[in-house]
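Asker: Structure for the following, please:
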Amino acid sequence: MIRRHLPVRAARSFQPSLFLALSLGLAAGCRNDPPPERAQWTSMSTVATVSTPAARAADLPALLKQAQDALADIENRFSVFKPDSELAQVNRLAGQEFFTLSPDIARVLRYALNTSRESGGAFDPTVGPLMAVWGFRGGEIQRVPGDDELAAARDQVGWTHVEWQAGESNRVRLARAGMKLDLGGIAKGYAVDVAFDRLRHSGFDHFLVDLGGNLRVQGSAAPHRGGWRTGVRDPFDTDALLGTLLLTNGEAVASSGNYERFVEIDGHRYGHIMDPRSGRPMEGMAGVTVIAPSGIECDALTKPMYILGPEKGRAVLALHPGCEALWVLEARPTRLVATPGFARRFQPLPQYQDSITTLESADK
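Answerer: Got it, this is the predicted structure:
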């Protein structure tokens, strides 16, 4: 017996991301500041929101227009589902010839492949065939895939099979037929960066951009706040919090977890975060939250942090100055492991104060 738990677009389009809903509620705080003003719409198959302090409410229409335009442009060009998009064209040519990417898509792909290299393949933008064989992204499954099925899918996966033409060219080719390039694991973070930069360069100095839980902030949510305070949700109860943290100018935050999408086969739940190295959904981790100087770093790092875990993950984080992480282990009672920088900024709820361990002492 199989059950799927996947985002329903029509239903989600009317719901704010939990990250943002919590951040707006927390922003008002004990000073009784009015909550920020916000505008919401659907973009990249999830909910997008732009917010500004109540005192800047007059800025909201312009913020909304510019953010909508920025995200719509990224969606049109990065989608693998639009047949005329660059990525769709690259996929159609898999195993055949090179294709010239636009500079920004080439930049994001290079960033994705660099993350693949840093993480030893824990992040892989070609993981699509494995996702499909497990029943995600439109795949059909009635049972756990057999060894032959997994081997066939894994043969079409591998970041090292993405070829660049020599020199500084943006010409790229998928070396094996059947390969599929998908930047969905990083594109939302990049889209947040594009919208953030457009708003900041237009002179706006107090705002928050959220795309499906990928957040980046500028200024403060209210006077005297010094930033935007957001909640870190509990992967075991997505209506509840583990605690809160404060984001300051330019910082971004993103989370990944097994609460987002999963399939259930014969009573066992398999989450959507795939370990490309084993060909199987990752188990043993419930959720990861990453703070970073940019949205693209957040979005790219949450997946390998989830797959690698605290001990191996910190070696990758060390390559990214300013990045911090919190891991929620798949264990009850709840166990949290944080990098020192995350722990200093994180305010756990009282019931979790004894559940968090800093990374240096995680094995004690």
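Asker: How much space separates Gly120 from Ala315?
Answerer: 10 Å (Cβ to Cβ, to the nearest Å). C-betas here are computed from N, CA, C, even on glycine.
Asker: Extract the residue ranges of this protein that are flagged as low pLDDT.
Answerer: Across the chain, the ranges flagged by pLDDT under 70 are 1-31, 137-142, 166, 259-260, 361-364.
Asker: Quick check: longest helix in it by residues?
Answerer: Longest helix in the chain, counting residues (DSSP state H): helix 295-317.
Asker: for that one, packing partners?
Answerer: In this structure, helix 295-317 makes packing contacts with helix 103-118, helix 184-201, strand 214-218, strand 252-257, strand 285-292, strand 324-329, judged by 3 or more Cβ pairs under 8 Å, 6 or more residues apart in numbering; DSSP states H and E.
Asker: With adjacent residues omitted, what lies nearest to the residue sitting nearest the centre point of the chain?
Answerer: Most central residue of the chain, judged by C-alpha distance to the mean C-alpha position with Cα atoms, centre = their mean, is Asp299 at 3.6 Å. Of all residues not flanking Asp299 in the chain, Gly189 sits nearest, at 2.7 Å (Cβ to Cβ, 6 or more residues apart in numbering).
Asker: Same question for Ala54.
Answerer: Nearest non-adjacent residue to Ala54, counting by Cβ to Cβ, 6+ apart: Pro34, 3.9 Å away.
Asker: I'd guessed Gly295 sits against Glu251; true?
Answerer: No. Assessed by Cβ atoms under 8 Å, Gly295 is found out of contact with Glu251, at 9.7 Å.
Asker: which one of these two has more residues nearby?
Answerer: Neighbour totals were compared for Gly295 and Glu251, and Gly295 leads with 27 against 22 (other Cβ atoms under 10 Å).
Asker: how far away is that one from Leu208?
Answerer: From Gly295 across to Leu208, the span is 12 Å (Cβ to Cβ).
Asker: hang on, the earlier thing: the residue nearest to Ala54 reaches Ala221, doesn't it?
Answerer: No. With contact defined as Cβ under 8 Å, Pro34 does not count as touching Ala221 (10.2 Å).
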